[in-house]
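>>> all I have is the shape, not the residue letters:
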């Protein structure tokens, strides 16, 4: 009885050895090398995903740094409470817009950073940087802006948030119901403030620390 049991165990061992030899691939076999290549490719895909994530992170960090620069909280020029009102000869007046015939607009030729320009509009004219709500008035503003030898002027638009959460606002709190962006703007622009081009009248994003002439509404 014991001899039969031993014989049966030897037979099962031989069958198992033959099965493993025929069905389990060796490390040097083509099938195994192909599997290893696929694993390597999969690892490369993961590295690509990680690299893409890094690029997105870098992009977000750059925009955050740009926002920090635009805030300019530590800039002495922004912290200066002594706002000097421009002289009459340094400005050009524009009549009211179709949306507000009683409003007046003034182009100030002295370049200022966005925040300082807004403060000048507030203190000197009891108004804000100009908001634009129609193509007709945009062309009026552009026509006024061509009187100075500058490529851009500040209007009252600014940006809050990032990407899908990005919002556009006017300094006077009015609704953002009209735009006249230049080609590829604002998606590929830099900066958190909005400038109007004196040639063509289109809008562009610009760093808020840039010094530009500006238009006040009051």
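Sure thing, it's come through. No experiment lies behind these values; they were computed from the predicted model shown.
>>> now residue 112: phi and psi?
With angles defined as degrees, to the nearest 10, residue 112 sits at phi -140, psi 160.
>>> pretty sure residue 120 sits in a helix.
Yes: assessed with DSSP: H, G, I helix; E, B strand; the rest coil, residue 120 lies in a helix.
>>> contacts only, for the nearest residue to it once chain neighbours are set aside.
Computed as C-beta to C-beta, 6 or more residues apart in numbering, the closest residue to residue 120 that is not its neighbour in sequence is residue 83, at 5.8 Å. (Each C-beta comes from the backbone N, C-alpha and C, glycine too.) Counting by C-beta atoms under 8 Å, 6 or more residues apart in numbering, residue 83 touches 116, 119, 120, 123, 124.
>>> before we move on, what about residue 179?
Contacts of residue 179 by C-beta under 8 Å, 6+ apart are 168, 203.
>>> what is the burial count for residue 119?
Residues lying near residue 119 (other C-beta atoms under 10 Å) number 17.
>>> let me redo that: residue 172
By other C-beta under 10 Å, 15 other residues sit near residue 172.
>>> distance of it from residue 199?
Distance of residue 172 to residue 199, computed by C-beta to C-beta, to the nearest Å: 26 Å.
>>> cool, residue 157 as well?
The gap separating residue 157 from residue 199 is 18 Å, by C-beta to C-beta.
>>> which of these two has more residues huddled nearby?
residue 157 (24 against 10).
>>> for that one, what are its contacts?
Listed by C-beta under 8 Å, 6+ apart, the contact set of residue 157 reads 131, 168, 169, 170, 171, 176, 193, 194, 203.
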